[in-house]
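Student: Make a model of this:
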Amino acid sequence: MRALLWLSFLSCAWGAGPTKGPLTLEAYFEAAQHPFTASHFQAIFGEGRHSEPSNPGFAGAYLGLLARDGRSPLSRLENAKAASALLNQAVARDGSDPRWRLLRLTLETEMPGWLGLSSHVQEDRAFLNSLLSKRRNEGRLQTVPSSS
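Tutor: Below is the predicted model of the structure:
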């Protein structure tokens, strides 16, 4: 549910929608909720049918799913470290794009704190909250009135 709220935030708050093509934020969040879809997402990425091969953000998301679904603790740890490094690269390359911040925040909030891989949670949360409030003040983000 939390992922769907963030996804709706991104589509409303950021002028353009998510990346076009078979590998999108929607595909990632659907894969994060359903193991069958995760294997489909991994197949898309493994076959190279993703739309942004130059940006490591989706590669980090892919490795994050592998870390979650891995069988051995060692492979899960290695995939989590690699995913974190790739998402950090994506944010360093384009820090103003909320997609990479959201993917990194999603990955790092699910990691245990003792791994030391969740150091950007407050930074990403503050960035996304400021973007949300900025869009709300501009009138670009509309809220749905509550039905009474």
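
Student: next one: phi and psi at the closest residue to Leu66 other than its chain neighbours?
Tutor: Computed as C-beta to C-beta, 6 or more residues apart in numbering, the closest residue to Leu66 that is not its neighbour in sequence is Asn79, at 4.5 Å. Backbone N, C-alpha and C define where each C-beta goes, glycine included. Torsion angles at Asn79 (phi, psi; degrees, to the nearest 10) stand at phi -70, psi -40.

Student: Quick one: neighbours of Asn79, just the number.
Tutor: 20 (other C-beta atoms under 10 Å).

Student: From Arg104, how far out is it?
Tutor: 15 Å (C-beta to C-beta, to the nearest Å).

Student: try Ala82
Tutor: From Ala82 over to Arg104 (counting by C-beta to C-beta), the distance is 13 Å.

Student: which residues do these two both contact?
Tutor: Gly60 (C-beta atoms under 8 Å, 6 or more residues apart in numbering).

Student: Show me which of those two is the more surrounded one.
Tutor: Taking other C-beta under 10 Å, Ala82 and Arg104 do not tie; Arg104 has more neighbours (26 against 18).

Student: That one is in what secondary structure piece?
Tutor: Counting by DSSP states H and E, the element that carries Arg104 is helix 98-110.

Student: And Ala67, how far from Asn137?
Tutor: Here the criterion is C-beta to C-beta. By it, Ala67 lies 37 Å from Asn137.

Student: between the two, who's got more neighbours?
Tutor: A direct count of neighbours by other C-beta under 10 Å for Ala67 and Asn137 places Ala67 higher, at 21 against 9.
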